[in-house]
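S.K.: I need the structure of the sequence given here:
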Amino acid sequence: MPAVHASLAPSALATITVRDAVFDLMRRFGMTSVFANPGSTELPMFRDFPADFRYVLGLQEAVVVGMADGYAQATRNASFVNLHSAAGVGNAMGNIFTAHKNRTPMVITAGQQARSILPFDPFLSSAHATELPKPYVKWSIEPARAADVPLAIARAYYIAMMQPRGPVLVSVPVDDWDQPGELVAERVVSTRLRPEPLVLDRIGAALDASHHPAFVVGAAVDRDGAWDDLLALAEAHNARVWAAPMSGRCSFPEDHRLFAGFLPAMREKIVDLLGGHDVIVAIGAPAFAYHVEGAGPHIPAGATLCQLTDDPDTAAWTPVGVSAVGSIGLAIQDLLSRPTPAPRSAPAARTARPRAEPSDRMSVAYVLQTLAELRDADDIVVEEAPSSRPVMQGYLPITRSGGFYTMDSGGLGYGMPAAVGVALGKPGKRVIGLIGDGSSMYSIQALWSAAQLKLPITYVILNNRRYAALQEFAPVFGFAASDVVQGTELPDIDFVALAQGMGCAGLQVTDANRLHDALSRALRSSGPTVVEVEVA
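M.R.: Below you'll find the model as predicted:
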């Protein structure tokens, strides 16, 4: 939790308003960046806006929440969002769902009409303000009195930050902000819980006795700052490490000798790939995330499944094995404190992918291989190119904590604005937004925010003129190779013109011989640049 700052001076107590109390609270919580799109019922909140605060404008509410998601993940603190009553929250729901799946801490305030006219169903009111965002917020409230608003926001912050983290919503009537209020008392609240020692001992004993252990690691490892400790635990046990299916973060260096690769979201293939391991430990990940219907066992015959998760719901539906619920970081530290395990031989190294070669119509592999060779090690990748993700996993390895973000939800519209939020949360770092042509159009307005903020973001649009993921997935549902998949072709989008219209530099690459120079120039730019690459 951020360090507590000084509150307003005691002499101000006689005239303090709800607005004053909320700004004081936000300052102490380190939430001085407000991600918002304005509406009439929110205007009074921003009168006399503090000079040490920053208003980050998004041109559509999904962009606002996407930026706030990236910022919260990058800073490891709850972000503050302001939306416009029911219509604004409705526009934002896709990325609120993604924030829920990403376990992103986020305090959302939504405007509401004045209390005195709420009985008359007024224009721009939210008739079911607390119910609208459910079930994808951890908690929602419209305080009974104006004086209760600061306490509600304090409670919302603590709930958002408690594991498993996630978004919360407070609906605030427009006339509440100028009402008398009181400062909220300073508190220290624990947001990480240690898993039960007896359950961890059982997992530790199984791991110590294992001959061929495997770890399946998910986003919660990196979210909880446990990257280095997980690396130490894997090396202590010489365990093969797999990335969990559909994970929204990188939690283990993908160039490490113990890294085995990426599990697909298919039950039978997971069982096949984990064959030969006697103990499988899912760390910070579901066991397992599936995308298509499957059958048979969930783990190989004779194997034992253990799980470390910060989410009681995930532990409850896990089909077999032992689950310890609590902070991933604290659980790994407890396992590291056990006596050094007996030496075991190292697993076989992962087979390297063959180099991609240039071609008339560039392959995604060649584009990402070139990008990997040009980027700096500290550059951060924000990805939303679903059909290209398997190729990315082979040709654009992530090797550092906090080096990768994508959506755990599978919902599009996150990547473009999340890149803006990550760049704001990691000043001085280059952010690479790796986005599909179809994905980019869900929240293309984020380019305007990136340009206005002059952020060092290089957006690489992989343009295959289609929703490729849907076309490639169609055979699973009985489509023949020659069948037309309706609604999946995307011709005639001019991304250079869109970029320039939003205030960004833009260039198109269709020739493999120009790719190196175009990416080099974009990666050196001080502001946002869009590089549209036509790929096969």
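S.K.: show me where pLDDT drops low in the stretch 401-536 of the chain?
M.R.: 473 (pLDDT under 70).
S.K.: Strands of that one, residue ranges please.
M.R.: Secondary structure of the stretch 401-536 of the chain (DSSP state E, counting those that start in this stretch): strands located at 404-405, 431-436, 457-463, 505-509, 529-534.
S.K.: got a list of contacts for the helix or strand bottoming out on mean pLDDT in the chain?
M.R.: The weakest-scoring helix or strand in the chain, judged by mean pLDDT, DSSP states H and E, is helix 468-473 (a mean of 72). Outside of helix 468-473, the residues within contact range by CB atoms under 8 Å, 6 or more residues apart in numbering are 386, 387, 388, 436, 438, 485, 488. For every residue, glycine as well, the C-beta is placed using N, CA and C.
S.K.: Would you indicate which residues of that helix are buried?
M.R.: 468, 469, 470, 471, 473 (16 or more other CB atoms under 10 Å).
S.K.: quick one: that helix to chain centroid distance?
M.R.: 23 Å (CA atoms, centre = their mean, to the nearest Å).
S.K.: before we move on, what about stretch 113-131?
M.R.: The answer for stretch 113-131 is 32 Å, by CA atoms, centre = their mean.
S.K.: Same check on stretch 224-244?
M.R.: 21 Å.
S.K.: related to what we said a few turns ago, adding neighbour count, write the contacts of helix 468-473 out as TSV.
M.R.: Conversion of the contacts of helix 468-473 to TSV gives the following (neighbours: other CB atoms under 10 Å):
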residue	neighbour count
386	21
387	20
388	25
436	27
438	24
485	16
488	16
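S.K.: Among those residues, which pair sits farthest apart?
M.R.: Farthest-apart pair in the contacts of helix 468-473 is 388 and 485; separation 17.9 Å (CB to CB).
S.K.: Sort out for me which of the contacts of helix 468-473 are in helices.
M.R.: If you go by DSSP state H, the contacts of helix 468-473 have residue 438 in helices.
S.K.: With distance to residue 101 as extra columns, can I get the contacts of helix 468-473 in CSV?
M.R.: Shown next, in CSV, are the contacts of helix 468-473 (distance: CB to CB, whole Å):
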residue, distance to residue 101
386, 15
387, 20
388, 20
436, 19
438, 20
485, 26
488, 24
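S.K.: which one of the contacts of helix 468-473 is nearest residue 167?
M.R.: residue 386 (22.8 Å).
S.K.: Please verify my assumption that the closest one contacts residue 435.
M.R.: No. If you go by CB atoms under 8 Å, residue 386 and residue 435 don't touch, sitting 10.4 Å apart.
S.K.: Any figure for the gap between the spatially most central residue of the chain and residue 128?
M.R.: Ranked by distance to the mean C-alpha position of the chain (CA atoms, centre = their mean), the top residue is residue 102 at 4.6 Å. Distance of residue 102 to residue 128, given as CB to CB, to the nearest Å: 25 Å.
S.K.: same deal with residue 277?
M.R.: 49 Å.
S.K.: Settle it for me: which of the two has more neighbours?
M.R.: residue 277 (25 against 11; other CB atoms under 10 Å).
S.K.: The more buried one against residue 240, yeah?
M.R.: Yes. Assessed by CB under 8 Å, residue 277 is found in contact with residue 240 at 7.2 Å.
S.K.: what's the overlap in contacts for those two?
M.R.: Contacts common to residue 277 and residue 240, judged by CB under 8 Å, 6+ apart, are 212, 213, 214.
S.K.: List the contacts of the residue nearest to the last one when sequence neighbours are not counted.
M.R.: So the one you mean is residue 214. Counting by CB to CB, 6 or more residues apart in numbering, residue 214 lies nearest to residue 277, which is 4.0 Å off, once chain neighbours are set aside. The contact partners of residue 277, by CB under 8 Å, 6+ apart, come to 212, 213, 214, 240, 300, 303.
S.K.: and if you look at residue 463?
M.R.: By CB under 8 Å, 6+ apart, the contact list for residue 463 reads 437, 493, 495, 532, 533, 534, 535.
S.K.: Please tell me how far it sits from residue 133.
M.R.: 34 Å.
S.K.: what does the domain assignment say about the chain?
M.R.: Annotated domains of the chain cover 10-176, 197-336, 364-534 [automatic domain parsing].
S.K.: now those domains as JSON lines including distance to residue 185?
M.R.: Below are the domains of the chain laid out as JSON lines (distance: least, CB to CB, whole Å):
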{"stretch": "domain 10-176", "distance to residue 185": "9"}
{"stretch": "domain 197-336", "distance to residue 185": "26"}
{"stretch": "domain 364-534", "distance to residue 185": "28"}
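S.K.: Dump the least confident helix or strand of the chain to CSV, keeping only the CA atoms.
M.R.: C-alpha atoms of helix 468-473 as CSV (Å, rounded to 0.1, in the frame of the first residue of the first chain):
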residue,chain,number,x,y,z
ALA,A,468,-7.8,-14.8,-38.2
ALA,A,469,-8.4,-16.4,-34.8
LEU,A,470,-12.0,-17.1,-35.7
GLN,A,471,-11.1,-18.5,-39.1
GLU,A,472,-8.5,-20.7,-37.6
PHE,A,473,-10.8,-21.9,-34.8
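S.K.: quick check: mean pLDDT across stretch 67-80?
M.R.: Here stretch 67-80 scores 98 as its mean pLDDT.
S.K.: buried ones in it?
M.R.: For stretch 67-80, by 16+ other CB under 10 Å, it's 67-75, 77-80.
S.K.: Stretch 44-60 too?
M.R.: 44, 45, 46, 56, 57, 58, 59, 60.
S.K.: For that stretch, measure first residue to last.
M.R.: 20 Å (CA to CA, to the nearest Å).
S.K.: For the contacts of residue 463, pick the one with the most neighbours.
M.R.: The most neighbours, when the contacts of residue 463 are compared by other CB under 10 Å, belong to residue 533, which has 27 neighbours.
S.K.: Who does that residue form a beta bridge with?
M.R.: Beta-bridge partners recorded for residue 533 (DSSP bridges): residue 462, residue 509.
S.K.: ok, it - contacts?
M.R.: Counted by CB under 8 Å, 6+ apart, residue 533 has contacts 362, 367, 460, 461, 462, 463, 508, 509, 515.
S.K.: check which helix or strand covers the second one.
M.R.: For residue 367, the enclosing helix or strand under DSSP states H and E is helix 364-374.
S.K.: can you give me the mean pLDDT across that helix?
M.R.: For helix 364-374, the per-residue pLDDT averages 97.
S.K.: residues in contact with it?
M.R.: So helix 364-374 is contacted by 353, 355-359, 388, 391-392, 394-397, 432, 434, 460, 462, 512, 515-516, 519-520, 523, 533, 535-536 (CB under 8 Å, 6+ apart).
S.K.: Can I get the buried ones among the residues you listed as something I can paste into PyMOL?
M.R.: Restricted to buried positions by 16+ other CB under 10 Å, the PyMOL selection for the contacts of helix 364-374 reads:
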select buried, resi 356+388+391+392+394+395+396+397+432+434+460+462+512+515+519+523+533+535
